[in-house]
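Asks: Build me a model from this:
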Amino acid sequence: VFMKAHGKPTAHFCREIADKTLLVGLGSTIFREAPYTSHEVIVDQDQIDWFQQLLQDKPADEGWKIFVFTHAPPNGSGLRVLQENHVVNGCCWLNHS
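Replies: Modelled structure (predicted):
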């Protein structure tokens with residue numbers, strides 16, 4: 001739904017924001033699969049494949065820096081949700097307050 005509303009062809013994006021510095025956004029493609037949580041990001045295999053290729057094409061040993069954002073920690077990452085975090089990125093809007 002958010003891709004259609006924002007005119008986006010994919011749930012992910014990549015922008016070069018400085019010399020050899022990328023800002024990457026990954027978006028959830030399944031909304032609230034877990035019945036008792038709203039803080040869930042499920043990144044589909046197409047995005048994972050795209051991201052892995054990006055990392056191969058832009059290696060750190062060639063000086064590339066890549067900052068990756070999602071609107072909540074991906075499932076299985078072990079990262080905690082920050083309830084007071086406010087983020088606007090190319091994938092979606094977040095306001096947990």
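
Asks: Low-confidence stretches in this structure?
Replies: Scanning the chain for pLDDT under 70 picks out 1, 31-41, 71-77, 79-97.

Asks: how deep is residue 47 tucked in, by neighbour count?
Replies: As a burial measure, residue 47 scores 20 neighbours (other Cβ atoms under 10 Å). C-beta: built from backbone N, CA, C; applies to glycine.

Asks: Quick one: residues contacting it.
Replies: 10, 11, 12, 26, 27, 29 (Cβ atoms under 8 Å, 6 or more residues apart in numbering).

Asks: hmm, 6 Å instead?
Replies: Contacts were defined as Cβ atoms under 6 Å, 6 or more residues apart in numbering; by that measure residue 47 touches 12, 26.

Asks: continuing past the helix or strand hosting it, what's the next helix or strand?
Replies: Assigned by DSSP states H and E, residue 47 belongs to helix 45-57. Next along the chain after helix 45-57, taking DSSP H and E as the criterion, comes strand 65-69.

Asks: now the angle between helix 45-57 and that next one, please.
Replies: Relative orientation of strand 65-69 versus helix 45-57 (axes from the mean of the first three to the mean of the last three Cα atoms, to 10 degrees): 160 degrees.

Asks: Dump strand 65-69 to CSV, restricted to CA.
Replies: Listed next in CSV are the C-alpha coordinates belonging to strand 65-69 (Å, rounded to 0.1, in the frame of the first residue of the first chain):
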residue,chain,number,x,y,z
LYS,A,65,30.4,3.5,3.2
ILE,A,66,26.8,2.3,3.4
PHE,A,67,24.2,3.4,5.9
VAL,A,68,21.2,1.2,6.1
PHE,A,69,17.8,2.1,7.5
